[in-house]
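> sequence unknown, structure follows:
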């Protein structure tokens, strides 16, 4: 079976999955005395407004909704993952806890007070205390300057079953160009935090000199590293697509699309930067012996890359367009001596559906399983191979487990 046949088979399987496993409808919980979110009755009204057209299409009778999706073995992966969604027309921003085995919603919480959830990162060490904790990057509201917004990072917690239990105070507050902060990352203990953003500075002219109030000219791409009450900021030199800490927290793996002078196409690269000295960098793709990936043109395109939580391997998610669709492949490359291992064709996205779907790539330290998002699909790779957890018309902005 050639690549085209495999792509057609994957696309056909996707169509069957959409028919057999529709997205489960999130059930809105009653409030638990946390004023951070909208009242339960308001959330219910919003849900009815948004979901109404799907429940009653064109006046036809309601389609039966399955009580449960088929369950799959998840190995050592967490029982649930958390997906973050931005605000949609008629519905506020929210985060959902979803079953890793079935994709079903276990809990959902809506934002209030003009807030919007942006990105999320797990704190693995807290699981030893019987709680699953996450850092949650949140937009608080507009800033004092036009085009700017205020952001913070909250701490949230869930029970082992995926029920929301805890809302912590913001640990960081900053101002950035509205809509640009993303790629939240943290260490296993949660004591270090990193994120990318674009600056929102204001130029001030005094006599013959000019300077900026803030952290630079508006629109400059930045990476921030926060530890022990101190924030270190350096230039990203391109668009940041993924961030992950090394196991000791002393370095930050940055997957970025670097701008090239002279009008050439940007180059995607994965760099390991020492947080104490960001100029001290190592190219992880070269260390892992990967052949150069292109960002445009013929051949495979590097869509995402990350260092594994144990710091021993690099995962690369590449895509290659074909007539039947776009095929995606993950390669696992050891940073020591060893051969790269391909996981084979993971999934296919129809050309008609998405020209260049967004990709997310996450791995939990508890095991080898990998959670990733390609366009409308949330997938998991484990000992049983790769499978689709759920398919959504409006995919999440970020996810973590």
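Noted; the coordinates are in hand. Keep in mind the model is a prediction, meaning the values are calculated, not measured.
> can you list the weak-confidence ranges in the stretch 201-350 of the chain?
202-216, 263-265, 288-299, 324, 337-338, 345-350 (pLDDT under 70).
> how about a cut-off of 80?
201-218, 259-267, 285-301, 320-326, 336-340, 343-350 (pLDDT under 80).
> how about the strands of it, start to end?
Under the criterion DSSP state E, counting those that start in this stretch, strands of the stretch 201-350 of the chain are mapped to 202-206, 209-213, 221-227, 230-235, 238-245, 251-258, 267-274, 277-283, 301-307, 313-322, 325-334, 341-349.
> Out of those, which gets nearest to residue 176?
strand 221-227 (8.2 Å; CB to CB). Heads up, the C-betas are built off the backbone N, CA and C, glycines and all.
> Within the sheet, what are the partner strands of that closest one, with directions?
strand 192-198 (antiparallel), strand 230-235 (antiparallel) (DSSP bridges).
> for the stretch 1-150 of the chain, which spans come out with low pLDDT?
1-73, 127-130.
> at 50 instead, please
Where the stretch 1-150 of the chain drops to pLDDT under 50, the residues are 3, 7, 10-11, 14-69.
> all helices for it, in order.
Ranges of helices in the stretch 1-150 of the chain, per DSSP state H, counting those that start in this stretch, are 3-20, 40-55.
> picking up where we left off before, and the strands of the stretch 201-350 of the chain, which is most packed in?
Highest mean neighbour count among those (mean count of other CB atoms under 10 Å): strand 301-307, with a mean of 24.
> Packing partners of that strand?
Under the contact definition 3 or more CB pairs under 8 Å, 6 or more residues apart in numbering; DSSP states H and E, strand 301-307 sits against strand 238-245, strand 251-258, strand 267-274, helix 284-287, strand 313-322, strand 359-363.
> Which strands or helices does the last one pack on?
When you say that, I think you mean strand 359-363. Looks like strand 359-363 contacts strand 301-307, strand 313-322, strand 370-374, strand 398-400 (3+ CB pairs under 8 Å, 6+ apart).
> which one of the ones you listed lies closest to residue 132?
Ranking the helices and strands packed on strand 359-363 by proximity to residue 132 (CB to CB) places strand 398-400 first, at 9.9 Å.
> what does the closest one contact?
Applying CB atoms under 8 Å, 6 or more residues apart in numbering, the set of residues contacting strand 398-400 from outside is 81-84, 118-122, 134, 182, 184, 360, 362, 371, 373, 378.
> repeat that with 10 Å
78, 81-86, 95-96, 98, 117-123, 132, 134-137, 182-186, 360, 362, 364, 371-373, 378, 389 (CB atoms under 10 Å, 6 or more residues apart in numbering).
> Now do the end-to-end distance for stretch 314-334.
End-to-end distance of stretch 314-334 (CA to CA, to the nearest Å): 6 Å.
> that older thread, let's see which of the contacts of strand 398-400 end up in strands.
81-85, 95-96, 98, 117-123, 132, 134-137, 182-186, 360, 362, 371-373, 378, 389 (DSSP state E).
> Pull out the buried residues from these.
Applying 16 or more other CB atoms under 10 Å to the ones in strands among the contacts of strand 398-400, the neighbour count classes 81-85, 95-96, 98, 117-123, 132, 134-137, 182-186, 360, 362, 371-373, 378, 389 as buried.
> Give me the neighbour count for residue 88.
Look at residue 88: counted by other CB atoms under 10 Å, it has 12 neighbours.
> List the residues that contact the residue nearest to residue 228 when sequence neighbours are not counted.
Leaving aside its chain neighbours, residue 228 sits nearest to residue 191 (7.8 Å; criterion: CB to CB, 6 or more residues apart in numbering). Residues in contact with residue 191 (CB under 10 Å, 6+ apart) are 123, 125, 171, 226, 227, 228, 249.
> Residue 314 too?
253, 255, 270, 272, 284-285, 287-290, 305-308, 331-335, 340.
> what sits opposite it in the beta ladder?
residue 307, residue 333.
> Distance check, it against residue 363.
11 Å (CB to CB, to the nearest Å).
> The residue nearest to residue 373 when sequence neighbours are not counted and residue 126, how far apart?
Leaving aside its chain neighbours, residue 373 sits nearest to residue 360 (3.8 Å; criterion: CB to CB, 6+ apart). Note on residue 360: its distance to residue 126, by CB to CB, is 22 Å.
> ok, now residue 323?
Look at residue 323 and residue 126: by CB to CB, they are 47 Å apart.
> Counting neighbours, go ahead and name the busier of the two.
The residue with more neighbours, out of residue 323 and residue 126, is residue 126; 17 against 9, by other CB under 10 Å.
> wait, what's in contact with the more buried one?
The neighbourhood of residue 126, defined by CB under 10 Å, 6+ apart, consists of 132, 133, 134, 155, 157, 188, 189, 190.
> thinking again about what came up before, would you format the strands paired with strand 221-227 as JSON lines with distance to residue 105 included?
Output for these, formatted as JSON lines (distance: least, CB to CB, whole Å):
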{"stretch": "strand 192-198", "distance to residue 105": "27"}
{"stretch": "strand 230-235", "distance to residue 105": "35"}
